[in-house]
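**Student:** Just the structure for this:
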Amino acid sequence: MTRFIRNTALTDLSPVPTSAPVPQRRIVIVGATSAMAEHCARLWLQQHPTAQLVLIARDTAKLDRVARDLQVRHPQAQISPHSCDF
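**Tutor:** Residues are numbered from 1 along each chain as shown. Just a heads-up that it's a prediction; the model follows:
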């Protein structure tokens, strides 16, 4: 005779309490002044409002404009613009 035992671990979908802090998300964008990169940065900051965003681009003026715009939209985020040319 075979006995079947119901496994409650597989059916219990209640959230497991955790005391571990969620690590902060770090996102690096190379070519940050392009329209696509700027839009992606906005989307990622909507999903992760406390993320650390590192922006890399050649045009310093555009880079500063993008960084200021993102900082105004998401004041909890850490925005770090870096101008360089590879």
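**Student:** Number of residues surrounding Ala37?
**Tutor:** 17 (other CB atoms under 10 Å). Every residue, glycine included, has its C-beta placed from N, CA and C.
**Student:** Which residue ranges of this protein form helices?
**Tutor:** According to DSSP state H, the chain carries its helices in the segments 8-11, 35-47, 60-73.
**Student:** With distance to Cys84 and mean pLDDT added, can I get these in JSON lines?
**Tutor:** Listed next are those as JSON lines, based on distance: least, CB to CB, whole Å; pLDDT from 0 to 100:
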{"stretch": "helix 8-11", "distance to Cys84": "51", "mean pLDDT": "50"}
{"stretch": "helix 35-47", "distance to Cys84": "15", "mean pLDDT": "96"}
{"stretch": "helix 60-73", "distance to Cys84": "10", "mean pLDDT": "97"}
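**Student:** want to try CSV for the ones you listed, with distance to Phe86 as columns?
**Tutor:** Compiled in CSV, those are given as follows (distance: least, CB to CB, whole Å):
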stretch, distance to Phe86
helix 8-11, 50
helix 35-47, 15
helix 60-73, 14
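**Student:** Let me know which of these is the nearest to His82.
**Tutor:** Ranking the helices of the chain by their distance to His82 (criterion: CB to CB) puts helix 60-73 first, at 8.0 Å.
**Student:** Distance from the closest one to the middle of the chain?
**Tutor:** Here the centre of mass of C-alpha atoms in helix 60-73, compared against the chain's by CA atoms, centre = their mean, to the nearest Å, lies 17 Å away.
**Student:** can you check stretch 45-58 too?
**Tutor:** Relative to the chain's own centre, stretch 45-58 is displaced by 6 Å; criterion: CA atoms, centre = their mean.
**Student:** what comes up buried for that stretch?
**Tutor:** By neighbour count with 16 or more other CB atoms under 10 Å, stretch 45-58 contains the buried residues 45, 48, 51, 53-57.
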